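Student: here is the input, now give the coordinates:
(one chain, ligands or ions: 1)
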Amino acid sequence: MKPDALKAVDPEVFEVVRKETNRQHNNLELIASENFCSEAVLAALGSVLTNKYAEGYPKRRYYGGCRFVDISENLAIERTKKLFGCDHANVQPHAGTQANIAAYLILANPGDTIMGLSLSHGGHLSHGHPMNFSGRYFKVIQYTVNKETEMFDYAAIRKLALEHKPRVIVTGASAYARTVHFDKFQEICDEVGASQLADIAHIAGPIAAGLHPSPIPYADIVTTTTHKTLRGPRGAIIMSKQKLAEQMDKLVFPGTQGGPLEHCIAAKAVALKEALTDEFKEYQRQTLANAKALAQALAGYGFRIVSGGTDNHLVLVDLRSKNITGRDAERALGKVRITANRNTIPFDPQKPFIASGLRLGTPALTTRGMKEPEMKKIAEFIDRAIGAVGDDDAIAGIKADVKEMVSAFPLYAERRAEYARLKDDEPPRGENHKDPKSTKGNAE
Ligand SMILES: Cc1ncc(COP(=O)(O)O)c(C=O)c1O
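Tutor: Prediction:
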């Protein structure tokens, strides 16, 4: 649908889409779990495939008329196998949490013991948090990082596993900036008779590009989201060894889901095709180089980097030396159009809602083409913004610098130009889409 048609049918939703498109362009996006997918991915997502019911799997559907969506689903499956080198892939999970639910139910029964990284040490809600399905239906033992190194202590994790004999050990994290040694986790699993469930939601991109060790040779099941470093649509994929293939497919459908989202699955296929290119490998290399540059530059401004650095796309910052909480820093950055999220740091004295840290990630800005020089400038903006709380002139100055930077790396330029053309109640404030250096732009 052309944007003018959306505007005619529903001007309110049109406005939301227009403003959000401009917001994504006008802000420096440092949320580690976000990215900007391609126009090709968006085209598949916004297609008529959303209309199709296709319960079941290619060639084994419970509905007629599935011959075309069978093709896109098979493409997504084959490309996943090629990209990650797995035996079997299921591309139907609606989201990362849904993928993990199915994975647990393959490997354990409700009431069994599972072991995952504590949320406050970088784990995910679906790794055993009491409020989540995983914490409500399983007995959960949580491991943590080491207090001194702020990294995994495999000897301590082994000791905990020997003591509690979990059925499943969940590996992977949401806020852990160092390499995950899936081989060491597997040794522990073998010793205690546990299965390894590797959740690579955050590091799927570096793994696909060969820049982080892969869990595929070790873990029984590997889950990933498709919208983070993988730069696809929102959704998830489950991979497994051949011996679990049939069981896995049954637990996704009909076990834990109904009809698959075939428009999302087609968009996953597109993103996976993009991920198989050399450009994608280079993009991942730059994402990691950018994270290192950002961490180094922030350390130069006196910020303490949790664990002393980063091996992946994210940087966890301890703000205590700057005398500001994560919540207040997140707000201060928001005022100058830098988007990030507060995050607990290991052994955080603050409650999660306040938190002592910030989690920063480089996948989205690297997609825009930013490199090390921009990361150094962004570290400077962050330092200035955190020191400028309550100083309106200083905030305006940083905001102007942010505006100049984002203008040099236009995002979704054609869409924004089209929306600007349609915004008849308020003429575009002179943003020149042909001139990426222009510092004038729409609000949001
Ligand atoms: C490690 C990890 N697993 C799973 C998820 C859940 O993904 P979703 O939000 O798609 O349910 C996340 C999301 O941030 C994550 O970081």
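
Student: can we go C-alpha only for contacts and neighbour counts from here?
Tutor: OK.

Student: hmm, residue 202 is touching residue 226, no?
Tutor: No: between residue 202 and residue 226 there is no contact under CA atoms under 8 Å: 9.3 Å.

Student: show me what contacts residue 347?
Tutor: By CA atoms under 8 Å, 6 or more residues apart in numbering, the contact list for residue 347 reads 120-121, 147.

Student: by neighbours, which of those wins?
Tutor: residue 121 (24 neighbours; other CA atoms under 10 Å).

Student: up against the ligand, what does the stretch 51-200 of the chain have?
Tutor: Counting by CA under 6 Å from any ligand atom, the residues of the stretch 51-200 of the chain close to the ligand are 95-97, 124, 172-174, 199.

Student: roughly how far does residue 138 sit from the ligand?
Tutor: 17 Å (CA to the nearest ligand atom, to the nearest Å).

Student: the closest residue to that residue other than its chain neighbours: what secondary structure?
Tutor: Spatial nearest neighbour of residue 138, chain neighbours left out: residue 111 (4.6 Å); criterion: CA to CA, 6 or more residues apart in numbering. Following DSSP: H, G, I helix; E, B strand; the rest coil, residue 111 is assigned to coil.

Student: how close does residue 111 sit to residue 255?
Tutor: To residue 255, residue 111 is 18 Å away according to CA to CA, to the nearest Å.

Student: which of these two has more neighbours?
Tutor: With neighbours defined as other CA under 10 Å, residue 111 and residue 255 compare such that residue 255 has more, 15 against 12.

Student: skipping adjacent residues, who's closest to the more buried one in space?
Tutor: residue 102 (7.4 Å).

Student: give me the domain ranges for the protein.
Tutor: Listed by automatic domain parsing, the domain ranges of the chain are 43-275, 286-407.

Student: so how far is the longest one off the chain centroid?
Tutor: Taking the mean of its C-alpha atoms, domain 43-275 sits 13 Å from the chain's own mean (CA atoms, centre = their mean, to the nearest Å).

Student: now do the end-to-end distance for that domain.
Tutor: 17 Å.

Student: next SSE downstream of the helix ranked longest in the chain?
Tutor: Scanning the chain for the helix with the most residues, using DSSP state H, yields helix 278-300. Using DSSP states H and E, the helix or strand that follows helix 278-300 in sequence is strand 304-305.

Student: related to what we said a few turns ago, off-centre distance for the longest helix of the chain?
Tutor: Put simply, helix 278-300 sits 16 Å off its chain's centre (CA atoms, centre = their mean).

Student: let me see the mean pLDDT of it.
Tutor: Computed over helix 278-300, the mean pLDDT rounds to 98.

Student: for that helix, C-alpha coordinates in CSV please.
Tutor: Extracted as CSV, the C-alpha positions of helix 278-300 are listed here (Å, rounded to 0.1, in the frame of the first residue of the first chain):
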residue,chain,number,x,y,z
ASP,A,278,30.3,-10.9,2.1
GLU,A,279,28.8,-7.4,2.8
PHE,A,280,27.0,-8.9,5.8
LYS,A,281,30.3,-10.3,7.1
GLU,A,282,31.9,-6.9,6.7
TYR,A,283,29.0,-5.3,8.5
GLN,A,284,29.4,-7.7,11.4
ARG,A,285,33.2,-7.0,11.5
GLN,A,286,32.5,-3.3,11.6
THR,A,287,29.8,-3.7,14.3
LEU,A,288,32.3,-5.4,16.6
ALA,A,289,35.1,-2.9,15.8
ASN,A,290,32.6,0.0,16.5
ALA,A,291,31.7,-1.6,19.9
LYS,A,292,35.4,-1.8,20.8
ALA,A,293,36.0,1.9,19.7
LEU,A,294,32.9,3.0,21.7
ALA,A,295,34.1,1.1,24.9
GLN,A,296,37.6,2.5,24.5
ALA,A,297,36.5,6.1,24.0
LEU,A,298,34.0,5.9,27.0
ALA,A,299,36.8,4.6,29.2
GLY,A,300,38.8,7.6,28.1
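
Student: please consider this matter closed, and thank you.
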